[in-house]
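Student: Below are the sequence and a predicted model; questions follow.
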Amino acid sequence: MITNFFIPELNNHDVVQELWFQQDGATCHTARDTIDLLKDTFGDRLISRFGPVNWPPRSCDLTPLDYFLWGYVKSLVYADKPQTLDHLEDNIRRVIADIRPQMLEKVIENWTSRLDYIRASRGSPMPEIIFKM
């Protein structure tokens, strides 16, 4: 998928040099070949296990895409219990297309405020805001 779809799609846009890529620490996502391929594409803008920027695994305060956005998308994609792959794919396309820019702005705003908090607290736990959205 990375080689045949993702990177060619990125190359159709002029923003590749500005993008950062973040992935979770799942073993299948951090194979040496995968990390090398992503490093070739993103350089030091790769946030991943074994990448130039190590990302804390399963950090709900630092990965709003995993803990909010994908949960939100999944709840809508599976709401009508798709029974075929085509139905599932249609739901995914529809739900992604319906995400409002304001929601993404709120996710980014919330995430950056968490980063500010982490910087100010020098990386200490943040229980008072960990589940704030």
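Tutor: Great, that's in hand.

Student: for the lengthiest helix in the chain, packing partners?
Tutor: Longest helix in the chain by number of residues, with DSSP state H as the criterion: helix 101-120. Contacting helix 101-120 under the criterion 3 or more Cβ pairs under 8 Å, 6 or more residues apart in numbering; DSSP states H and E are the following elements: helix 64. To be clear about C-beta, it is placed using only N, CA and C from the backbone, and glycine gets the same treatment.

Student: gap between stretch 29-46 and the chain center?
Tutor: Centroid displacement of stretch 29-46 relative to its chain, using Cα atoms, centre = their mean, to the nearest Å, is 15 Å.

Student: What is the burial count for residue 98?
Tutor: When neighbours are counted by other Cβ atoms under 10 Å, residue 98 registers 10.

Student: State the pLDDT value of it.
Tutor: Model confidence at residue 98, given as pLDDT, is 95.

Student: from now on call the first residue 16
Tutor: Sure, I'll start numbering at 16, so the last one becomes residue 113.

Student: how much space is there between it and residue 92?
Tutor: 11 Å (Cβ to Cβ, to the nearest Å).

Student: what do you get for residue 58?
Tutor: Residue 58 is 33 Å from residue 92, by Cβ to Cβ.

Student: can you list contacts of stretch 102-114?
Tutor: Stretch 102-114 has contacts (Cβ atoms under 8 Å, 6 or more residues apart in numbering) with 84, 88, 91, 92, 93, 95, 97.

Student: Pull out the buried positions in that stretch.
Tutor: By neighbour count on 16 or more other Cβ atoms under 10 Å, the buried set for stretch 102-114 is 106, 110.
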